[in-house]
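Enquirer: Here's a sequence, model it:
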Amino acid sequence: HRHEFKWGPDQQQSFDEFKRLLTTYPLFLEYPDSSTPFVLTTDASNIGIGGILRQDTPNGTKINYFKSRMLDDTERKYDTIEQEALAIFWCISELRSYIGDSDFIIETDHKPLENF
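Expert: Model prediction:
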């Protein structure tokens, strides 16, 4: 069954808003502030893992880096805790040159990993 493609004012407005969001904060990454610790927030799903590196400053949150990737077939078979731990490990490994020797905080929504 075919549907007619419709592009009217509503679609154009949505498209323009989408373009605006892609070119404004917080998608533009901030230069790190050496006086503020990093916060690495990670997450995993059944298909991918990722993380956001940020700094919470008195002037607001600064987004420093986004990182994500798809899980391979073997990793998709991991238990949830293993996928969540992989997200943490992989993000730290990928961002090591960016974080350097700085202190950082890891945030995860997976309760069993919160005490590590």
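
Enquirer: could you point out which element follows the helix or strand bottoming out on mean pLDDT in the chain?
Expert: Of all helical and strand segments in the chain, the minimum by mean pLDDT, DSSP states H and E falls on helix 9-22, at a mean of 85. Past helix 9-22, heading to the C-terminal end, the next element that is a helix or strand (DSSP states H and E) is strand 38-44.

Enquirer: So which elements touch that next one?
Expert: In this structure, strand 38-44 makes packing contacts with strand 48-57, helix 80-99, strand 104-108, judged by 3 or more C-beta pairs under 8 Å, 6 or more residues apart in numbering; DSSP states H and E. For every residue, glycine as well, the C-beta is placed using N, CA and C.

Enquirer: For the last one, which strands pair with it and how are they oriented?
Expert: By that I understand strand 104-108. Partners of strand 104-108 in the sheet, by DSSP bridges, are strand 38-44 (parallel).

Enquirer: can you list contacts of the strand it pairs with?
Expert: Strand 38-44 has contacts (C-beta atoms under 8 Å, 6 or more residues apart in numbering) with 32, 49-56, 64, 71, 80, 83-84, 86-88, 91-92, 95, 99, 102-110.

Enquirer: are any of those buried, and which?
Expert: Burial by neighbour count, 16 or more other C-beta atoms under 10 Å: within these this picks out 32, 49-55, 64, 71, 83-84, 86-88, 91-92, 95, 99, 106, 108, 110.

Enquirer: Mind putting the helices and strands packed on strand 38-44 into JSON lines with distance to Thr36 and mean pLDDT?
Expert: Putting the helices and strands packed on strand 38-44 into JSON lines (distance: least, C-beta to C-beta, whole Å; pLDDT from 0 to 100) gives the following:
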{"stretch": "strand 48-57", "distance to Thr36": "4", "mean pLDDT": "94"}
{"stretch": "helix 80-99", "distance to Thr36": "13", "mean pLDDT": "94"}
{"stretch": "strand 104-108", "distance to Thr36": "10", "mean pLDDT": "93"}
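
Enquirer: among those, which is nearest Glu4?
Expert: When those are compared by C-beta to C-beta, strand 48-57 sits nearest Glu4, at 34.0 Å.

Enquirer: Neighbours of Phe18, how many?
Expert: Residue crowding around Phe18 was assessed by other C-beta atoms under 10 Å; the count is 10.
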